[in-house]
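[1] I need the structure of the sequence given here:
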Amino acid sequence: MDHPATGLTFRDATDADVDVLVALIESAYRGDSSRAGWTTEADILEGQRTDPQGVLEVIKAPGSRLLTVEQDGRVVACCQVEHRGDHAYFGMFAVTPTLQGAGVGRIVMAEAERLARETWGVTEMQMAVINVRDDLIAWYERRGYRRTGRTKPFPYGDERYGIPQRTDLRFELLVKPLV
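    This next block holds a predicted model:
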């Protein structure tokens, strides 16, 4: 679906998008470039956020879509939407740092929720957020997500997820009804 007022167009990612998407995700979460936006994890995690294999796995996974969002022919955002039985999972969400705070994230999230509801008929969206990301969790709460208190351990020692700079990281499950 296209959003003419914003100039955003949505499509499913292909193998040819892998390198651009890895660069986008890294720019939104890691290193100095991420500090231009507010979603940076640079203070809590070093190393990579994802890699080409991780992005390709999401593109190829059955029941998974990696939405790629373009503006003026340039990839500016992405997110994963995956069908998991009675709910969908939302992940791999990134907006280029220079567009963060401009409403792009809200539009991308709403489109992902619409797709999940209309494509799979699911009634709930779930996501996992690092527990210490209070600003990000608050942003999701303003969009109708709620904290469940259900957590799972952060994969310490698995550098595919980054190199933690603190010892208290966990993933917390957030949920939103899609009605």
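
[2] just for the chain, where's the confidence low?
    The model of the chain has pLDDT under 70 over residues 1-6, 29-50, 159-166.

[3] Mind checking what secondary structure Thr167 has?
    coil (DSSP: H, G, I helix; E, B strand; the rest coil).

[4] which residues in this protein form helices?
    Ranges of helices in the chain, per DSSP state H, are 18-29, 31-34, 52-60, 104-120, 134-142.

[5] in the strand of greatest length in the chain, what counts as buried?
    Counting residues, the longest strand found in the chain (DSSP state E) is strand 74-84. When neighbours are counted by 16 or more other Cβ atoms under 10 Å, the buried residues of strand 74-84 are found to be 75-83. Any C-beta I mention is one placed from the backbone N, CA and C, and that applies to glycine too.

[6] ditto for stretch 169-179
    169, 171-176, 178.

[7] go on, stretch 102-121?
    Of the residues in stretch 102-121, those buried (16+ other Cβ under 10 Å) are 104-105, 107-109, 111-113, 115-117, 120.

[8] Please tabulate these in a markdown table, including the columns distance to His87.
    Below are the buried residues of stretch 102-121 laid out as a markdown table (distance: Cβ to Cβ, whole Å):
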| residue | distance to His87 |
| --- | --- |
| Val104 | 25 |
| Gly105 | 21 |
| Ile107 | 22 |
| Val108 | 19 |
| Met109 | 15 |
| Glu111 | 17 |
| Ala112 | 13 |
| Glu113 | 11 |
| Leu115 | 14 |
| Ala116 | 8 |
| Arg117 | 11 |
| Trp120 | 9 |
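
[9] Nearest to Pro155 among the helices of the chain would be which one?
    Within the helices of the chain, the stretch nearest Pro155 is helix 52-60; the backing value is 12.6 Å (Cβ to Cβ).

[10] what about dumping the CA coordinates of that closest one to PDB?
    The C-alpha coordinates for helix 52-60 follow below in PDB (Å, rounded to 0.1, in the frame of the first residue of the first chain):
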ATOM      1  CA  PRO A  52      23.000 -10.300   5.900                       C
ATOM      2  CA  GLN A  53      22.200 -13.900   7.000                       C
ATOM      3  CA  GLY A  54      19.700 -12.700   9.600                       C
ATOM      4  CA  VAL A  55      17.900 -10.400   7.200                       C
ATOM      5  CA  LEU A  56      17.800 -13.100   4.500                       C
ATOM      6  CA  GLU A  57      16.300 -15.600   7.000                       C
ATOM      7  CA  VAL A  58      13.500 -13.100   7.700                       C
ATOM      8  CA  ILE A  59      12.900 -12.600   4.000                       C
ATOM      9  CA  LYS A  60      12.800 -16.400   3.300                       C
END
